[in-house]
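S.K.: From the sequence below, what's the structure:
(one chain, ligands or ions: 1)
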Amino acid sequence: MSEVHIVGGGVMGLGIAWRLARAGVRSTVYDAGEPGRGASWAAAGMLAPHAELQPEEEAQHRLGLRSQALWTSFSDELQADSGVDLLLDRTGTLLVAADRDEAEALERDLCWRDEAGVPYTRISAADARDLEPLLSPRIASAAHCPHDIQVSNRALLKALIQACDHSLITVRSHCAVDAIESADGLTLNLSNGESITAERVVLCAGAWSKALSPSGARAPIRPVKGQMLSLRTPGVTIRHVIRGFEAYLIPKSDGTLVVGATSEDVGFDANVTGGGVYELLKAAGELLPAIWEYPLAHTWAGFRPASRDNGPLLGETEIRGLFYCTGHYRHGIQQAPVSVLSVTAELLGGEPVDEALPFTPTRFGASAQPATTR
Ligand code: GLY
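M.R.: Residues are numbered from 1 along each chain as shown. Presented below is the predicted three-dimensional model:
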């Protein structure tokens with residue numbers, strides 16, 4: 001089977017290269033910078049299809065559930081191939097209402113979770129504070145999603161980079177692809193002037209995918225900026241992932257607490273702003289006043305790749321040999337196993353997984369207009 005050319009070295013691109021190598025297929029991964037330093041690195045690592053469920057997103061939920069079921073074997077295999085512990089934590093997510101208004105909103109959210117058959121347990125504010133004594137005495141109500149997991153997304157990337165150190169994989173760092181042409185077969189035009197003829201290309205360039213998608217198979221994806229920060233905890237802090245309405249808080253095994261995330265339609269502006277940090281800290285402090293004593297460790301921003309319907313683009317496009325694995329918006333890390341396995345299956349001549357079928361890139365039409373602000 002001929003070599004596969006993969007544009008983008010994030011969780012999807014590296015994941016596909018790793019799975020192809022396991023199947024004995026050669027690939028080259030092109031990354032404009034250092035692999036594993038884009039949205040996958042900026043992410044929070046929540047594997048939370050239950051806590052992050054949005055109304056009217058049934059197909060996304062089914063995809064998320066399939067991915068959640070695959071996470072254990074995906075991480076076991078990756079850990080075995082890389083020797084890197086992905087630090088999976090199964091304590092679950094606490095959905096927390098910071099006040100009475102949010103308690104009403106949480107009650108409405110739980111109603112449509114009931115309709116979707118999502119498993120959770122309603123808990124009183126007092127019981128939530130028994131579980132997490134540092135929660136604010138002002139919180140009004142909570143619910144526990146026990147099947148949500150969290151992973152260290154940075155350990156995941158380290159593991160994938162390690163697993164891609166393989167004789168069948170070439171990783172070309174600082175090697176930007178300027179364009180994918182489909183005039184007479186597929187050609188990658190690199191910014192260093194090289195042209196590479198390819199039988200099969202997979203576009204995994206996240207928020208940058210629209211600019212690289214050829215006119216016969218437009219990927220209507222826009223960047224949605226997320227600012228995040230981390231705080232150094234004194235050691236004892238929360239154990240659950242806490243998801244409030246305005247912020248989420250994630251205790252990491254290195255003793256930091258990650259707080260995320262803004263959601264901004266501002267193009268590729270990577271600045272961390274005073275306003276962004278203020279909003280995050282304010283929302284986090286209302287849930288967990290202890291953070292006011294925690295030293296600020298890091299701030300960063302990343303770009304979620306959002307498609308026009310917020311769903312990913314998975315599989316072969318209108319152009320023969322051109323595949324997409326991109327546009328995962330808020331769920332890239334969570335949906336990595338199912339996306340990687342489905343697109344790899346197609347590349348190997350098999351069928352995509354059933355739950356990926358609604359996310360064919362062809363659903364937007366060959367001349368899809370750019371995504372607009374929603
Ligand atoms: N999934 C978390 C976020 O997009 O901020």
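S.K.: how close does P251 get to L257?
M.R.: For P251, the distance to L257 equals 6 Å [Cβ to Cβ, to the nearest Å]. Where you see a C-beta, it was placed from the backbone N, CA and C, and this is true even at glycine.
S.K.: Which neighbours do the two have in common?
M.R.: Contact criterion Cβ atoms under 8 Å, 6 or more residues apart in numbering; residues shared by P251 and L257: T233, T237, I238.
S.K.: you'd agree the last one is up against K252?
M.R.: Think I238. No - counting by Cβ atoms under 8 Å, I238 does not reach K252; the two are 11.0 Å apart.
S.K.: Same drill for these two, tell me which one is more crowded.
M.R.: I238 (22 against 19; other Cβ atoms under 10 Å).
S.K.: residues touching the more buried one, list them.
M.R.: E132, L134, L135, L249, P251, L257, L288.
S.K.: The last one contacts Y248, doesn't it?
M.R.: No - because the distance of 11.0 Å does not satisfy Cβ under 8 Å, L288 is recorded as not touching Y248.
S.K.: Name the residues contacting each of the two.
M.R.: I242.
S.K.: and the stretch 201-350 of the chain, which residues reach the ligand?
M.R.: Where the stretch 201-350 of the chain comes near the ligand, counting by Cβ under 6 Å from any ligand atom, the residues are G226, G260, A261, R304, R330.
S.K.: Read off the pLDDT value for the closest residue to R90 other than its chain neighbours.
M.R.: Spatial nearest neighbour of R90, chain neighbours left out: I149 (5.3 Å); criterion: Cβ to Cβ, 6 or more residues apart in numbering. What the model reports for I149 is a pLDDT of 98.
S.K.: who's in contact with I149?
M.R.: L47, A48, Q68, W71, L88, D89, R90, G92.
S.K.: Nearest to V25 among the residues you listed?
M.R.: W71 (23.6 Å; Cβ to Cβ).
S.K.: Check the offset of the helix or strand containing the closest one from the chain's centre.
M.R.: Applying DSSP states H and E as the criterion places W71 in helix 58-82. Remark: helix 58-82 is offset 12 Å from the chain centroid, using Cα atoms, centre = their mean, to the nearest Å.
S.K.: which helices and strands does it pack with?
M.R.: Helix 58-82 sits against helix 11-22, strand 46-47, helix 153-163, helix 336-347, with contacts defined as 3 or more Cβ pairs under 8 Å, 6 or more residues apart in numbering; DSSP states H and E.
S.K.: Point me to the residue of the stretch 51-200 of the chain nearest the ligand.
M.R.: The nearest approach of the stretch 51-200 of the chain to the ligand comes at E52, 5.9 Å away (Cβ to the nearest ligand atom).
S.K.: Quickly find the element holding that residue.
M.R.: Judged by DSSP H and E, E52 forms part of no helix or strand.
S.K.: Dihedrals phi and psi, the residue nearest to P137 when sequence neighbours are not counted?
M.R.: Ranked by Cβ to Cβ, 6+ apart and with sequence neighbours excluded, the top spatial neighbour of P137 is R129, at 7.2 Å. When read as degrees, to the nearest 10, the backbone of R129 gives phi -80, psi -20.
S.K.: what pLDDT does R129 get?
M.R.: For R129, the predicted pLDDT is 98.
S.K.: Now for it: which residues touch it?
M.R.: Counted by Cβ under 8 Å, 6+ apart, R129 has contacts L135, P137, I139.
S.K.: most centrally placed residue in this protein?
M.R.: Against the mean C-alpha coordinate of the chain, by Cα atoms, centre = their mean, the closest residue is G332 at 2.1 Å.
S.K.: Next up, the contacts around Q79.
M.R.: Contacts of Q79 (Cβ under 8 Å, 6+ apart): D85, L86, A159.
S.K.: Would you map the helices across the stretch 251-374 of the chain?
M.R.: Secondary structure of the stretch 251-374 of the chain by DSSP state H, counting those that start in this stretch: the helices cover 274-287, 336-347.
S.K.: Now do the buried residues in the helix or strand of the chain with the lowest mean pLDDT.
M.R.: Every helix and strand of the chain was ranked by mean pLDDT, DSSP states H and E. The lowest is helix 100-115, at a mean of 94. Going by neighbour count (16 or more other Cβ atoms under 10 Å), the buried part of helix 100-115 is E102, A103, L106, D109, R113.
S.K.: export those to CSV and tack on distance to the ligand?
M.R.: Output for the buried residues of helix 100-115, formatted as CSV (distance: Cβ to the nearest ligand atom, whole Å):
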residue, distance to the ligand
E102, 18
A103, 22
L106, 18
D109, 16
R113, 17
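S.K.: For the stretch 251-374 of the chain, give me the ranges with low pLDDT.
M.R.: 366-374 (pLDDT under 70).
S.K.: Please indicate which of the contacts of R129 are buried?
M.R.: L135, I139.
S.K.: Which one of the contacts of R129 is nearest to A98?
M.R.: Closest to A98 out of the contacts of R129 is I139 (5.9 Å), distances taken as Cβ to Cβ.
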